[in-house]
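In: Predicted coordinates and the sequence they were generated for:
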Amino acid sequence: MKRVRIGTRGSKLALWQANWVKAKIENIFKDIKCETVPVKTTGDKFFDMRLFEQSDKGFFTKEIEEALINKEIDIAVHSLKDLPTEIPEELEVGAVTKREIPNDVLISKREKN
C-alpha cells in the first residue's frame, strides 16, 4: 500500500480540509493510505499579529512549501486564500477542489479615522 503524507496547517479549518481531501483520495484510490501532517507556519506562531502588519508573502505557506521541497510531505492542502500569488519554481498547484459554498463572503467593520 502506498503512503501519502498530506501537509497542512494545524487550525481546525485546515485540518478539516486536509481530512476531507484524505477521504476523497482514499475513497478513489484503494491502494493509497494518507496521513495528515500538521505543519506550524509563521502565521500560526504569531496568531495575534494583524495580517496587514506582516510583510512576508508566505505567512501561512512558507514552512509547508519548505516541507514539500525537503520531501517531508508529499502534497499540501491549503485554503486558496492563503496561497501567495507566486510560489517556488519547484512547486505547482496540482488541483483545486470544488468550493463547498461558492457564495461565502467576509464582511468586516471599517474603523473610523
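Out: Done, it's in. A quick note: this is a predicted structure, and the numbers were derived from the prediction, not measured.
In: For the chain, name the helix or strand with the lowest mean pLDDT.
Out: For the chain, counting by mean pLDDT, DSSP states H and E, helix 42-45 ranks last in confidence among helices and strands (a mean of 66).
In: gap between the spatially most central residue of the chain and residue 111?
Out: Closest residue to the average C-alpha location of the chain: residue 78 at 2.1 Å, with Cα atoms, centre = their mean. In this view, residue 78 and residue 111 are 29 Å apart by Cβ to Cβ, to the nearest Å. In this view, the C-beta of every residue, glycine as well, is placed from N, C-alpha and C.
In: Can you report how many residues lie near the closest residue to the residue nearest to the centre of the chain other than its chain neighbours?
Out: Leaving aside its sequence neighbours, residue 78 sits nearest to residue 61 (Cβ to Cβ, 6 or more residues apart in numbering; 6.2 Å). Number of residues near residue 61 (other Cβ atoms under 10 Å) recorded here: 25.
In: Quick check: residue 61 vs residue 112, distance?
Out: Residue 61 is 33 Å from residue 112, where distance means Cβ to Cβ.
In: Residue 102 too?
Out: For residue 102 relative to residue 112 (Cβ to Cβ), the value is 33 Å.
In: Tell me the buried residues in the helix ranked longest in the chain?
Out: Counting residues, the longest helix in the chain under DSSP state H turns out to be helix 12-28. For helix 12-28, burial by neighbour count (16 or more other Cβ atoms under 10 Å) applies to 14, 17, 18, 21, 22.
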